[in-house]
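[1] give me a model of this one.
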Amino acid sequence: MKRVSGSKYKKFSQENADYLCQEVQRMEESQVFYPGAFVEALRELTEVLIWSDKNAESVFDNFLERSMMSTLERVVTNAEFPSAVKVQAIQCITMMLQNLTRKSSIYFVCSNNHLNRIISIFIDDNDEELFSIYVSFLKSLALRLNEDTVQFFFERETRAFPLFDRASKLLAAPDPMVRAAARQVVISVAQLNEPAIKNFLRDALQEVFKLISTLLWSQIKNLAEAAAEYGNVERHNANELHLMGISTLSDRLEDIVDDMFYINDLFLVPHDFAPFCLECVLEEVVIQPLLMLLEDLPCDICCFSTNSSFTPCVSASVALSVLTRWILLNKSERLQRLFKEGLLNSSASHDGVMKRLLKSECAEVLSGVVVLLKAMLTSGLLENEKKEGGNGPTPDGDETDNEDISEEALDEKEMHVMTDIFNVNWSIEPEHEDSFPPLQPLSIISCEIFIGRMSQQVENAVRCPWFHG
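    Alright, predicted model coming up:
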């Protein structure tokens with residue numbers, strides 16, 4: 001590393017650390033910055049501090065005695081200071097959070113609300129370098145959270161928690177890297193079992209669940225809109241569709257898959273109220289609206305026929321595709337139960353969703369249903385799974401009573417549902433005497449391959465429709 005101009009001391013000596021601190025404080029107090037000199041001084045000081053934490057504790061202790069954390073806070077929070085200077089100050093703190101090993105050193109860096117005030121500063125999203133290092137700072141800080149250090153960031157009396165609040169506001173950021181960092185912060189906080197934090201999370205996590213669920217539903221609608229635009233053959237020629245639509249569809253499906261993986265993580269939050277709350281929010285905001293897309297399909301002919309409406313069938317196809325991937329990725333028994341009830345439940349006056357879909361005359365819907373059915377078999381969704389938690393306590397603390405429904409009755413009900421589905425003559429080809437080969441395990445293909453197959457089906461259907469009006 002390039003040495004600071006004017007330094008005549010050995011790099012890791014106490015004298016050099018004092019000199020570097022003086023240079024930084026002098027420029028901050030005078031507010032006369034030479035960005036190059038300031039940046040180099042802070043870079044070298046950071047390296048010296050990390051080394052001294054492991055090899056010369058007195059050097060690091062002297063850094064704290066000089067109130068350098070207050071200096072760094074003023075540099076970051078002063079709106080008049082150059083962005084490059086703020087970037088290096090936050091980078092210095094981030095590097096210390098990532099590399100300090102002594103518990104006392106970490107406590108000193110986190111104490112006195114310096115970091116809380118830095119967290120609360122306004123960051124212009126257009127300043128990409130500053131925003132990027134700020135997000136990295138939040139993530140590094142979250143990784144240091146435990147039952148001992150959380151006291152420095154959470155105000156018990158006012159329930160103020162700047163780190164969690166700022167991260168929750170970034171959960172739906174347009175940048176995937178920012179979203180990933182914000183989600184890591186939320187998960188890190190949610191792992192804490194400290195009583196005051198647990199009480200805080202009862203309300204805070206509910207807002208997070210609503211935000212994530214709303215974001216997921218919004219992205220599903222965006223995917224449906226992109227698929228409708230991609231398949232609208234009357235407005236675009238095939239070449240334009242291929243170039244314009246594949247990357248957009250793939251990116252939007254990737255965002256949905258990321259949300260599904262994050263939902264798996266949220267179901268693992270170690271607080272009894274969290275899984276039940278997340279289940280309720282997902283059912284209301286995402287799952288029920290998703291299943292509604294499959295209700296009462298309006299078209300009686302193939303969606304690619306020139307005289308039929310395209311968008312409703314695309315919405316159904318997208319819903320089937322999303323459900324297929326979600327069922328394969330899902331790790332929660334709670335969601336598995338919701339999927340089973342939503343797709344298979346039927347009554348004397350109302351067929352189940354799967355049974356009605358298998359009667360559809362839309363080729364795209366039928367092909368999507370077959371893939372979904374295979375995913376349900378592969379994931380064990382059609383097996384009689386025990387309810388999550390057995391006869392454990394409900395969210396209200398009462399014991400659940402499952403004695404009214406026997407396992408035999410569940411088996412019989414499920415068998416009737418599946419018998420009804422498979423007895424429907426939904427094949428679009430003549431029946432064959434030979435039986436179908438056994439279903440093979442279904443692997444989870446990449447979003448890119450999935451989108452490629454979807455586009456090929458669109459092109460084939462345009463050239464040779466399966467149904468004609």
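[2] mean confidence for the host helix or strand of residue 117?
    Using DSSP states H and E, residue 117 falls within helix 114-119. The average pLDDT for helix 114-119 rounds to 96.
[3] can you name the next helix or strand after it?
    Counting by DSSP H and E, the next helix or strand C-terminal to helix 114-119 is helix 128-143.
[4] okay, the angle between the helix or strand following that following helix and helix 128-143?
    Of the helices and strands lying after helix 128-143 in sequence (DSSP H and E), the nearest is helix 162-169. Inter-element angle recorded for helix 162-169 and helix 128-143: 120 degrees (by axes from the mean of the first three to the mean of the last three Cα atoms, to 10 degrees).
[5] following element in sequence after helix 162-169, please.
    Counting by DSSP H and E, the element after helix 162-169 in chain order, helix or strand, is helix 176-190.
[6] pull out the buried residues from the helix or strand just after that following helix.
    Per DSSP H and E, the first helix or strand lying C-terminal to helix 176-190 is helix 195-231. Buried positions in helix 195-231, judged by neighbour count with 16 or more other Cβ atoms under 10 Å: 197, 200-201, 204-206, 208-213, 215-217, 219-220, 222-224, 226-231. (Glycine included, C-beta is placed from N, CA and C.)
[7] re the thing from before, residues making contact with the helix holding residue 117?
    For helix 114-119, contacts defined as Cβ atoms under 8 Å, 6 or more residues apart in numbering pick out 69-70, 72-73, 76-77, 90, 93, 109, 137-138, 141, 152-153, 162-163, 166.
[8] buried set for it?
    Judged by neighbour count using 16+ other Cβ under 10 Å, the buried positions of helix 114-119 are 114-116, 118-119.
[9] just to revisit the earlier point, just the buried residues out of the contacts of helix 114-119, in ChimeraX syntax.
    One line in ChimeraX is enough to select the buried members of the contacts of helix 114-119, burial here meaning 16+ other Cβ under 10 Å:
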select :69,72,73,76,77,90,93,109,137,138,141,152,153,162,163,166
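[10] contacting residues around the closest residue to residue 145 other than its chain neighbours?
    In this structure, residue 145 finds its nearest non-sequential neighbour in residue 188, 5.4 Å apart by Cβ to Cβ, 6 or more residues apart in numbering. Residue 188 makes contact with 142-143, 145, according to Cβ under 8 Å, 6+ apart.
[11] where along the protein do the strands fall?
    Taking DSSP state E, the chain contains no strands at all.
[12] which helix or strand in it has the lowest average pLDDT?
    helix 407-423 (a mean of 48; mean pLDDT, DSSP states H and E).
[13] distance of residue 173 relative to residue 344?
    According to Cβ to Cβ, to the nearest Å, residue 173 and residue 344 sit 37 Å apart.
[14] between these two, tell me which one has more neighbours.
    residue 344 (20 against 16; other Cβ atoms under 10 Å).
[15] of all pairs in the buried residues of helix 114-119, which one is the farthest apart?
    114 and 119 (9.8 Å; Cβ to Cβ).
[16] where's residue 207 relative to residue 283, distance?
    Using Cβ to Cβ, one gets 17 Å for the distance from residue 207 to residue 283.
[17] no no, residue 95
    For residue 95 relative to residue 283 (Cβ to Cβ), the value is 44 Å.
[18] again with residue 211
    16 Å.
[19] mind giving me the domain ranges of the protein?
    Using automatic domain parsing, the domain ranges for the chain come out as 14-164+177-186, 204-384+409-426+441-463.
[20] looking at those domains, which one has the lowest mean pLDDT?
    Of all the domains of the chain, the minimum mean pLDDT falls on domain 204-384+409-426+441-463 (a mean of 77).
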